[in-house]
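1. Compute the structure for the input listed below.
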Amino acid sequence: PIDRRAKERMAEKKTIVRTDSLSTDRISGSFDDDYITCPICSNVLWKPVACKTCENAFCTKCIRLWLKDNPNKCPFQCRFQERKPPPILLKILSKL
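-> All right, here's what the predicted structure looks like:
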């Protein structure tokens, strides 16, 4: 789960706006948004990738835009190293 303070810090710094994402208001039913939303754009993860260091997932476009301004630095203040997201996350997203 995402640390609440880290999420608040990112919300304050939010400058990335994407139009190809899926807003959470388009999802019916209940879901734990800490797992399926991007901490950068706050929308449902779109083509997610994860940080190898902290294991948080991000939309591919969001993290790439973030890294342009913050080279090698994860939004959670660790060193960003890209990896595939956990298979369970992809399974959850496919069921939305």
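2. what packs against whichever strand or helix holds residue 88?
-> Using DSSP states H and E, residue 88 sits within helix 87-94. The elements that helix 87-94 packs onto, with contact taken as 3 or more C-beta pairs under 8 Å, 6 or more residues apart in numbering; DSSP states H and E, are helix 33-36, strand 48-51. (Glycine included, C-beta is placed from N, CA and C.)
3. What residues of the first one count as buried?
-> When burial is assessed from 16 or more other C-beta atoms under 10 Å, helix 33-36 yields the following buried residues: residue 36.
4. which strands and helices sit next to that helix?
-> Going by 3+ C-beta pairs under 8 Å, 6+ apart, helix 33-36 lies up against helix 87-94.
5. Just the CA trace of the helix it packs on, in PDB.
-> Extracted in PDB, the C-alpha atoms of helix 87-94 (Å, rounded to 0.1, in the frame of the first residue of the first chain):
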ATOM      1  CA  PRO A  87       1.100 -10.500 -12.300                       C
ATOM      2  CA  ILE A  88      -1.700 -10.200  -9.700                       C
ATOM      3  CA  LEU A  89      -1.900  -6.400 -10.400                       C
ATOM      4  CA  LEU A  90      -2.400  -7.100 -14.100                       C
ATOM      5  CA  LYS A  91      -5.100  -9.700 -13.300                       C
ATOM      6  CA  ILE A  92      -7.000  -7.200 -11.000                       C
ATOM      7  CA  LEU A  93      -6.800  -4.500 -13.700                       C
ATOM      8  CA  SER A  94      -8.100  -6.900 -16.300                       C
END
